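1. Give the three-dimensional model of this entry:
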Amino acid sequence: MSAVIVIPARYASSRFPGKPLQALTGATGVSKSLVQRSWEAGKSVKGVDRVVVATDDDRIEEACTAFGAEVVRTSSGCRNGTERAAEAISVLGISPEIVINLQGDAPLTPHWFVEDMISAMQSDASITMATPVLKTDADALEGFRTDRRNNRVGGTTAVFSNEGKALYFSKEVLPFSDKTYGPDDETPVFHHVGLYAFRPDALAAYLTWPEGRLEKLEGLEQLRFLENGWPVNCVEVEARGHVFWELNNPVDVARVESAFAKLGIE
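-> Okay, the predicted model is just below:
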């Protein structure tokens, strides 16, 4: 089954302008840009035919070309990564069976998160759009709560049915719980991993719908599917001791670099 990873990367960002070019220092003191580290995460995935960076910015294109990435230019009119991924596939003139949107702000994405999502789609032809979810531990949940108390977005949470069908995604911490969880406690909160896999018909349908009300309010592109009655499958993945954190705000730079040090990522 042919699969292509597209990494959307835009320079403009209300919370963190120039984020893709933010330098991140690894465990050995090596500094690489966020977009390079995200590209390297994509290249580590098994069973993928191609990894490309999609951008509308000269600075990002030049940086990506310098470290050897394939780059596709997309328009500045793309409102989110899913639209940019769809346009990238069109510009490239290819028709992969699965298109993976690997967010450019998630350099700590383990390769098995992507592989598990692809495997789920390979084993069930009815799944046309999938995204991974990761159960939070006590530390991760407290990090989300701390960010929200300080009016920051620490991550996105997901709630889904017993069959794994998404019910809602939010930048708030859902479901609500005022309980304090210990290190060995199981929490009820799932972290939505910023990663999506689509079959071509799902991407094509997405582009026919206007931006949704909830999508706009939350700033979450995947809500457009739910608002139009399109099923989104949540694939539960395991951390396997791997620290996972997205880079949403400048304060996250230290968190991500700390994770690199802990995991021994150069």
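
2. C-alpha only now, for contacts and for neighbours.
-> Will do.

3. Name the SS class of residue 54, please.
-> What DSSP: H, G, I helix; E, B strand; the rest coil gives for residue 54 is strand.

4. Any idea what it is bridged to?
-> Beta-bridge partners for residue 54, by DSSP bridges, are residue 8, residue 72.

5. need the contact list for it.
-> By Cα atoms under 8 Å, 6 or more residues apart in numbering, the contact list for residue 54 reads 6, 7, 8, 9, 71, 72, 73, 74, 84, 85, 88.

6. separation between it and residue 60?
-> Taken as Cα to Cα, to the nearest Å, the spacing of residue 54 relative to residue 60 amounts to 9 Å.

7. Residue 70 now?
-> Residue 70 is 12 Å from residue 60, where distance means Cα to Cα.

8. tell me, what's touching residue 54 and residue 60 both at once?
-> Common neighbours of residue 54 and residue 60, using Cα under 8 Å, 6+ apart, are residue 9.

9. any low-confidence regions in the protein?
-> Under the criterion pLDDT under 70, the flagged ranges of the chain are 1, 14.

10. can you map out the helices along it?
-> For the chain, the helices identified by DSSP state H occupy 34-43, 58-66, 81-92, 111-123, 138-149, 200-208, 213-218, 223-227, 252-263, in order along the chain.

11. And the ones you listed: which comes nearest residue 184?
-> Taking Cα to Cα as the measure, those were each checked against residue 184, and helix 138-149 came out nearest at 7.9 Å.

12. Quick check: buried residues in that closest one?
-> In terms of neighbour count (16 or more other Cα atoms under 10 Å), helix 138-149 has its buried residues at 138, 140, 141, 144, 145, 147, 148.

13. which of those residues lies closest to residue 38?
-> Sorting these by distance to residue 38 puts residue 140 at the head of the list, at 21.0 Å, by Cα to Cα.

14. ok, now how distant is the closest one from residue 28?
-> To residue 28, residue 140 is 25 Å away according to Cα to Cα.

15. Please apply the same query to residue 219.
-> From residue 219 across to residue 28, the span is 35 Å (Cα to Cα).

16. Which of the two has more residues huddled nearby?
-> In this view residue 219 and residue 28 are compared by other Cα atoms under 10 Å, and residue 219 has more residues nearby, 14 against 11.

17. which non-adjacent residue is nearest residue 34?
-> Excluding the flanking residues, the one nearest residue 34 by Cα to Cα, 6 or more residues apart in numbering is residue 20, at 5.1 Å.
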